[in-house]
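J.: Sequence first, predicted model second:
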Amino acid sequence: MKLNAQLKEDTGYSWVMARMEPASPFGHALVRTPRWYGPGEETQLEEELSRVEALRTLLDGGELALDSITHILSEFHDIRNSLKRPTNAPMDEVELFEVKHFLIHLERLAQAYACIPALEGLEIRPMTESLNLLDPSGRRLPAFSVENAFEPALERVREEKALVEGLLRQTEKKGRDDLMARRSELLRKEDRLELEARKRLTMALLRERDTFLASMEAIGRLDLLLAKARLARRFYCCRPEIVDKPKVVAVDMVHPEVADHLQERGGSFTSVSITLERGATVITGANMGGKSVSMKSLTLNLLLTQTGFFAFAGSFSAPLFDSVSLICTDRQSVEQGLSSFGAEVAALGDVLREEKGKFFYIALDEFARGTNPREGAALAKALVEYLGRLNCVALMTTHYDGVSDAARRHYRVAGLGALDTAAIRKDEAPLDRLSRLMDYHLIEAEPGEPCPRDALRVCRLLDLDPELMEIFSKNS
């Protein structure tokens, strides 16, 4: 599965990736194109998680070698374009300098990597022969020029050129013409010899192109692993458990982007605990009760798990899905002239067609709220029943009654049911007041249990006009 930009943005995956701190261009490239571990790749994913866990343990222990590794990683330049050339197109001196720079730091990285316990499945090997080719003196200095050692004839030409230039400095105007002509001839010869040397060096380096690319892949993987470990340590993430049954269990799960925004405003995130099984799980509750945040928290952590990251939770277990989808009406594109309802139905149709016969996860936020309430509720209820027949795990939020009737599990937001009117402060901004008094915890309920009725309380907390509230109260 390839994570598209909309899914990354809607779930908060992009926000998490922006907090990653890879040091090398190869690590940055892997962050942009995360690997997806699907069904059948449980062993590979467990190995990746073990590598992250090992590095996190070293970070916790203050392993100094990791600082050295990170510094070396930051010194790498991306030389892939220099390797994308035919063998008869010689590199210039700047490109050869960049390749030598890469090889010197690869050697240093291999030495630093050898100072920590080896990570299973990840080797960092120096390309000693290629480095010796560009550094015949063995001084390992980060500089490059076409040395005499690259072409034996260069030494004689350069010695004669130095002699001619010395004579030129000592000769008056008369008699300089022959010396200038000889110097020009020697310069041309030197250029030809240097070109031949660069051609031979380029051909030798290009023969090792696959080894270069494999080394860049290994560098990027090590860099990405370190970034994953630092992220897990910074946000107190847990190693997810990969299970072989269609069941997702999240305990004290957090959405880091929402938590960060709340912290900036002096608030705190209410952790989410929820269990999903094959079929559809429904979350009910009034608007502004946190249903969407709970859904996005779970979907985000599934995406992170299946791309080899630790989860933002106290504990998190899940199987591997062929795909993870989120249909979120508040961000649906209407570029094709569809209403939000039409857009979400089209998106649902795409998922059901593409994932037919596969094991998939799908989240639907307030599905069918953009159409007639009676029809919307009927369609949402039908979808819950239909998804219960498929090989999938689904999560739907709704404020429609009856939708949870056929659900495998039903949760409701605690909401304002236990509101203490004495806790209401009139000097508080309405939205801050609502956020403070709303109980965002999920409470497991029986399928078919009516949705909470919090709209009246929400309106009052948001200081809606008293006259309007009186009419609303009489008709509710």
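T.: Sure thing, it's come through.

J.: Tell me which residues are up against stretch 29-43.
T.: The set of residues that contact stretch 29-43 without belonging to it, under Cβ atoms under 8 Å, 6 or more residues apart in numbering, is 1-3, 17, 20, 22, 44-45, 48, 220-221, 223-224, 227, 242, 244, 306-308, 319-322, 359. For glycine as for every other residue, the C-beta is placed from the backbone atoms N, C-alpha and C.

J.: Tabulate the CA atom coordinates of that stretch in PDB.
T.: Coordinates of each C-alpha in stretch 29-43 appear next as PDB, following Å, rounded to 0.1, in the frame of the first residue of the first chain:
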ATOM      1  CA  ALA A  29      14.100  10.000   1.300                       C
ATOM      2  CA  LEU A  30      13.000   7.000   3.300                       C
ATOM      3  CA  VAL A  31      10.800   9.200   5.500                       C
ATOM      4  CA  ARG A  32       9.100  10.500   2.400                       C
ATOM      5  CA  THR A  33       8.500   7.000   1.100                       C
ATOM      6  CA  PRO A  34       7.700   4.800   4.100                       C
ATOM      7  CA  ARG A  35       7.800   1.000   3.600                       C
ATOM      8  CA  TRP A  36       4.400  -0.700   4.200                       C
ATOM      9  CA  TYR A  37       4.500  -4.000   5.900                       C
ATOM     10  CA  GLY A  38       1.400  -6.000   4.800                       C
ATOM     11  CA  PRO A  39       0.100  -9.500   5.700                       C
ATOM     12  CA  GLY A  40       2.800 -12.100   5.400                       C
ATOM     13  CA  GLU A  41       5.500  -9.700   6.400                       C
ATOM     14  CA  GLU A  42       5.000 -10.000  10.100                       C
ATOM     15  CA  THR A  43       8.600 -11.400  10.600                       C
END
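
J.: Off-centre distance for that stretch?
T.: Taking Cα atoms, centre = their mean, to the nearest Å, one finds the center of stretch 29-43 at 11 Å from the center of the full chain.

J.: What ranges does the stretch 251-400 of the chain have for its strands?
T.: Listed in chain order, the strands of the stretch 251-400 of the chain (DSSP state E, counting those that start in this stretch) span 272-277, 279-284, 315-318, 323-328, 360-365, 392-398.

J.: packing partners for the third one?
T.: Going back to what we said before, that points to strand 315-318. If contacts are counted by 3 or more Cβ pairs under 8 Å, 6 or more residues apart in numbering; DSSP states H and E, strand 315-318 sits against strand 241-242, strand 247-253, helix 291-305.

J.: hmm, try it at 10 Å
T.: In this structure, strand 315-318 packs against strand 241-242, strand 247-253, strand 272-277, helix 291-305, with contacts taken as 3 or more Cβ pairs under 10 Å, 6 or more residues apart in numbering; DSSP states H and E.

J.: show me the residues around Phe309 that make contact.
T.: With contact taken as Cβ atoms under 10 Å, 6 or more residues apart in numbering, Phe309 is in contact with 13, 16-17, 20, 34, 48-49, 52, 224, 227-228, 231-232, 237, 239-240, 300-301, 303.

J.: Find the least confident helix or strand in the protein, judged by mean pLDDT.
T.: Taking mean pLDDT, DSSP states H and E as the measure, the chain has helix 430-437 as its least confident helix or strand, at a mean of 59.

J.: immediately after that one, which helix or strand?
T.: With elements assigned by DSSP states H and E, the helix or strand that comes after helix 430-437 is strand 439-445.

J.: For that next one, enumerate its sheet partners and note whether each is parallel or antiparallel.
T.: Applying DSSP bridges to the sheet, strand 439-445 is found paired with strand 409-415 (antiparallel).

J.: State the mean pLDDT of the partner strand.
T.: The average pLDDT within strand 409-415 is 87.

J.: Compute the inter-axis angle for it and strand 279-284.
T.: Calculated by axes from the mean of the first three to the mean of the last three Cα atoms, to 10 degrees, strand 409-415 forms an angle of 20 degrees with strand 279-284.

J.: Identify each buried residue in strand 409-415, please.
T.: Buried positions in strand 409-415, judged by neighbour count with 16 or more other Cβ atoms under 10 Å: Arg409, His410, Tyr411, Arg412, Val413, Ala414, Gly415.

J.: Likewise for stretch 26-37?
T.: Phe26, Gly27, His28, Ala29, Leu30, Val31, Pro34, Trp36, Tyr37.

J.: Next, the buried residues of the helix of greatest length in the chain.
T.: Using DSSP state H, we find that the single longest helix of the chain is helix 176-206. Along helix 176-206, the positions that meet the burial threshold by neighbour count (16+ other Cβ under 10 Å) are 179, 182-183, 186, 189-190, 193-194, 196-198, 201-202, 205-206.

J.: of all the residues you listed, which comes closest to Leu134?
T.: For the buried residues of helix 176-206, the residue nearest Leu134 by Cβ to Cβ is Leu201; the value is 6.8 Å.

J.: State the mean pLDDT of the helix or strand where Leu226 lies.
T.: Using DSSP H and E, Leu226 sits in helix 209-234. Over the span of helix 209-234, the pLDDT mean works out to 98.

J.: quick one: it to helix 291-305, angle?
T.: With the same axes, to 10 degrees as the basis, helix 209-234 and helix 291-305 are set at 140 degrees to each other.

J.: quick check: domain ranges of the protein?
T.: The chain breaks down into these structural domains: 5-145+206-229, 236-475 (assignment by automatic domain parsing).

J.: Can you identify each of the helices in the stretch 1-150 of the chain by residue range?
T.: Assignment of helices within the stretch 1-150 of the chain using DSSP state H, counting those that start in this stretch yields the ranges 5-11, 13-18, 25-32, 42-60, 64-74, 80-83, 93-113, 128-134.

J.: I'd say Ala378 and Phe367 touch.
T.: No. Taking contacts as Cβ atoms under 10 Å, Ala378 lies outside contact range of Phe367: 11.7 Å.

J.: Find the residues that touch each one of these two.
T.: Among the neighbours of Ala378, those also in contact with Phe367 (Cβ under 10 Å, 6+ apart) are Tyr400, Val403.

J.: So between the two, which is more surrounded?
T.: Under the criterion of other Cβ atoms under 10 Å, the comparison of Ala378 against Phe367 puts Phe367 first, with 24 against 15.

J.: residues contacting Glu194?
T.: Going by Cβ under 10 Å, 6+ apart, the list of residues near Glu194 reads Pro90, Glu93, Ser145, Val146, Phe150, Glu151, Leu154, Val157.

J.: Mind telling me what element the last one is part of?
T.: Okay, so that is Val157. For Val157, the enclosing helix or strand under DSSP H and E is helix 152-170.

J.: which strands and helices sit next to that helix?
T.: Packing contacts for helix 152-170, counted by 3+ Cβ pairs under 10 Å, 6+ apart, involve helix 176-206.

J.: tell me how far the helix it packs on is from the chain's mean position?
T.: Its chain's C-alpha centre and that of helix 176-206 lie 49 Å apart, by Cα atoms, centre = their mean.

J.: returning to that earlier point: just the buried ones among the contacts of Glu194, please.
T.: Applying 16+ other Cβ under 10 Å to the contacts of Glu194 flags Pro90, Val146, Phe150, Glu151, Leu154, Val157 as buried.
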